[in-house]
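Chemist: predicted model follows, preceded by the sequence.
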Amino acid sequence: MPTLEAPIPHDSAATLPLTSRVVLIGFMGAGKSTAGRLLAAQLGWQFVDTDAAVEAKHQCSIADLFAREGEGKFRQLESVALARALGQNNTVIAVGGGAPEVLTNRLLLEQTPGTTVVLLEAPFPALFDRCVLQEGAATRPVLRNAELAERRFHEREQLYRRCAQYRIATESIDPGTTAKQVLQVLLGARG
Ligand code: S3P
């Protein structure tokens, strides 16, 4: 079994389980971006973070987009970024926590061939603490109101689970271990 200490051999990457794209979904703070980047490095694949793609394309932070254009506009731009990322092979994609709320995005995830969706899960208090205590809520507008954020967390739970083929609990593991577990799941699914 390959470990995270060294990239896995190219042949192994090429024969990953009928999968050309791995998409990490889950609520804010679940570790999608950090674990996704590590996983991509292990596979020798490219990494796309849809939030970063939106920010780069529109030269604007997510917080400013929410403030200037509203969440609806951000969701449209996020869908475009997701569709674009799903058009590429050998790609690990971390999507923003709200992406599965949008039907178009759920259909894209379900219907793009060769796409494996993995849900990174943790209880709300752990995620909230990770995001707000470590970074503050300024970069994540959806977390500004804790009560509303928690409601959204619960509303999203079922959507996340419906989109995902696999689930990984990340409350007590670091992003390196998360990436390793995703890899194990993918390799286990081979053949
Ligand atoms: C959001 C999650 C954020 C970002 C935006 C909205 C959400 O991404 O897309 O602030 O609605 O959950 P991360 O999950 O990567 O923090």
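Modeler: Here it is on my side, so go on.
Chemist: what does stretch 50-57 contact?
Modeler: Applying Cβ atoms under 8 Å, 6 or more residues apart in numbering, the contact partners of stretch 50-57 are 33, 61-62, 65, 74, 77-78, 81-82, 84-85, 93-96, 99. To be clear about C-beta, it is placed using only N, CA and C from the backbone, and glycine gets the same treatment.
Chemist: so which of those residues are in strands?
Modeler: Ile93, Ala94 (DSSP state E).
Chemist: which among the contacts of stretch 50-57 are in contact with the ligand?
Modeler: Ser33, Ile62, Gly96 (Cβ under 6 Å from any ligand atom).
Chemist: which SS state does Arg167 fall under?
Modeler: The three-state assignment at Arg167 reads strand, by DSSP: H, G, I helix; E, B strand; the rest coil.
Chemist: what are the ranges of the helices in this structure?
Modeler: 10-14, 32-43, 50-58, 62-69, 71-86, 103-111, 124-128, 134-135, 146-163, 175-188 (DSSP state H).
Chemist: can you redo these as JSON lines with mean neighbour count?
Modeler: Shown next, in JSON lines, are the helices of the chain (neighbours: other Cβ atoms under 10 Å):
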{"stretch": "helix 10-14", "mean neighbour count": "12"}
{"stretch": "helix 32-43", "mean neighbour count": "22"}
{"stretch": "helix 50-58", "mean neighbour count": "18"}
{"stretch": "helix 62-69", "mean neighbour count": "15"}
{"stretch": "helix 71-86", "mean neighbour count": "18"}
{"stretch": "helix 103-111", "mean neighbour count": "16"}
{"stretch": "helix 124-128", "mean neighbour count": "18"}
{"stretch": "helix 134-135", "mean neighbour count": "10"}
{"stretch": "helix 146-163", "mean neighbour count": "15"}
{"stretch": "helix 175-188", "mean neighbour count": "19"}
